[in-house]
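Asker: Any chance you can model this:
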Amino acid sequence: GTALAQGYPNKPIRLMIGYAPGGSAEAGARPLARALEPLLGQPLVFEYRPGAAGGVAMEAIAKAPADGYTVYYFDSGPLTVAPHISRVGYNNIASFTHLGHVCGSGSLLVVHPSTPFQSVKDVIELSKKDPNKWSYGTSGVGGPHHLSGEYFKSVTGANLLHVPYKGGGPAMTDLMGGQVPMLFSSLGPAGGAVKGGKIRPLAVTSPQRSAAFPSVPTMDEVGLKGFDSTAWYGLLGPAGLPQEVVARWTQALAKAGADKAVMDQINATGCDAEILPPAKTVDRIKADYEKRGRVGEDADNRAE
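Answerer: The predicted model follows:
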């Protein structure tokens, strides 16, 4: 490992994205990659591995060579939610070298303008009135937005069918086209469509309002007291990365985190930037794994 790490990095690094192009993962990774490339001295080449709400990429990175040339910009769902609801081919801690936390955000409940939903209350009442008529889309089974949807159903009794996609981009395309009536979505990809009046936002699932959508209320504010369903993004590699490689990444992340312009660019994607070192990232994974596992079980949410 030490031999491999000497002179690291000396060639381009693959930055894996677990969703199709055009979603929130890519949106947040772009400004981070632009900031990290000069700090690492090599280009970061995006590689898309959509499927299972990031789980396909998670299993791929767990099997990648531990040389630091394949890194995953991940969302927390495959580590904190998916192990509770489906069989996964990795351990959320032992299978990886965790490099840092980047940013976090809640989901945004958005609907197509043609639907009768003017409020969260409408979604609850009308879905109960017409069972199995209404559905909601997300970026995939076991992801953070799926969890938000199932949590919403569990606390309200709303009758909604989950429609999973291979990423937030395809899901947003179908929402704007009227193929699905509503989404629990990342905030960033929804911005342009909301401003253009193509979709209607109803609420965010985080405890506080989003800086990207200051006029959109929280679920708590519309009557679901204590509602909190947030997710976050970070960087990891396969288990066993040489310490020299880990140090290079954590130093680069710390420098990026100290640059206000970089943090503002990440914030503009709808994900609140907060760079955390590896140890604190692992602590958050463990805490969220316990919390989100209880939510998933309460929602009786099991993936096929």
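Asker: Tally up the residues packed near the closest residue in space to residue 24 that isn't next to it in sequence, please.
Answerer: With C-beta to C-beta, 6 or more residues apart in numbering as the criterion, residue 24 has its nearest non-adjacent residue at 3.1 Å, and that residue is residue 186. The C-beta positions use only the backbone N, C-alpha and C, and glycine is treated the same way. Residue neighbour count, defined by other C-beta atoms under 10 Å, stands at 34 for residue 186.
Asker: Going forward, count from 51.
Answerer: Done: numbering now begins at 51, and the last item shifts to residue 236.
Asker: Hmm, residue 236 is touching residue 320, no?
Answerer: Yes - with contacts counted by C-beta atoms under 8 Å, residue 236 reaches residue 320, the gap being 6.3 Å.
Asker: what touches both of these two?
Answerer: Shared contacts of residue 236 and residue 320, defined by C-beta atoms under 8 Å, 6 or more residues apart in numbering, are found at 74, 77, 155, 158.
Asker: Select, from those, the two members most distant in space.
Answerer: Largest separation among the shared contacts of residue 236 and residue 320 by C-beta to C-beta: 77 and 158, giving 13.4 Å.
Asker: who has more neighbours, these two?
Answerer: Taking neighbours as other C-beta under 10 Å, residue 77 and residue 158 compare with residue 158 leading, 29 against 21.
Asker: residue boundaries of the strands in the stretch 151-300 of the chain?
Answerer: Counting by DSSP state E, counting those that start in this stretch, the stretch 151-300 of the chain has strands at residues 158-161, 184-188, 210-214, 232-235, 250-254, 280-288.
Asker: Spell out for me which residue occupies the centre of this structure.
Answerer: residue 125 (4.0 Å; C-alpha atoms, centre = their mean).
Asker: bridging residues for it?
Answerer: Using DSSP bridges, the bridge partners assigned to residue 125 are residue 283.
Asker: How confident is the prediction for it, by pLDDT?
Answerer: Per-residue confidence (pLDDT) for residue 125: 89.
Asker: can you tell me how far it sits from residue 183?
Answerer: 30 Å (C-beta to C-beta, to the nearest Å).
Asker: residues touching the residue nearest to residue 278 when sequence neighbours are not counted, list them.
Answerer: Computed as C-beta to C-beta, 6+ apart, the closest residue to residue 278 that is not its neighbour in sequence is residue 257, at 5.0 Å. Taking C-beta under 8 Å, 6+ apart, we find residue 257 in contact with 156, 268, 270, 278, 280.
Asker: Residue 119 too?
Answerer: Applying C-beta under 8 Å, 6+ apart, we find residue 119 in contact with 59, 61-64.
Asker: Let's see which of those residues end up in strands.
Answerer: With strands defined by DSSP state E, the entries of those inside them are 63-64.
Asker: Now the buried members of the contacts of residue 119.
Answerer: By neighbour count, with 16 or more other C-beta atoms under 10 Å, the contacts of residue 119 hold 59, 63 as buried.
Asker: Report pLDDT for residue 157.
Answerer: In this model, residue 157 carries a pLDDT of 90.
Asker: okay, now it: neighbour count?
Answerer: Residue 157: 30 neighbours (other C-beta under 10 Å).
Asker: what's the nearest residue to it if we skip its chain neighbours?
Answerer: Spatially, and ignoring its direct neighbours in sequence, residue 157 is nearest to residue 198 (3.9 Å; C-beta to C-beta, 6+ apart).
Asker: Also residue 101?
Answerer: The spatially closest residue to residue 101, leaving aside those adjacent along the chain, is residue 216, at 6.2 Å (C-beta to C-beta, 6+ apart).
Asker: What about the one you found, how many residues nearby?
Answerer: Around residue 216 there are 19 residues (other C-beta under 10 Å).
Asker: The one 10 residues further on too?
Answerer: Residues within reach of residue 226, counting by other C-beta under 10 Å, total 18.
Asker: just residue 261 next, same as before
Answerer: 12.
Asker: so it makes contact with residue 321?
Answerer: No - in this structure, residue 261 is not within contact of residue 321 by C-beta under 8 Å, at 10.3 Å.
Asker: Same question for stretch 123-138: list its buried residues.
Answerer: 123-136, 138.
Asker: quick one on the thing from earlier: what residues do residue 77 and residue 158 have in common as contacts?
Answerer: 236, 320.
Asker: check contacts around residue 218.
Answerer: 69, 72-75, 189, 195, 235-236, 239.
Asker: just for this protein, where's the confidence low?
Answerer: The chain contains residues with pLDDT under 70 at 51-56, 343-354.
Asker: Mind putting the shared contacts of residue 236 and residue 320 into CSV with distance to residue 103?
Answerer: As requested, the shared contacts of residue 236 and residue 320 are exported to CSV (distance: C-beta to C-beta, whole Å):
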residue, distance to residue 103
74, 12
77, 17
155, 16
158, 17
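Asker: Since that was my last question, I'll sign off now.
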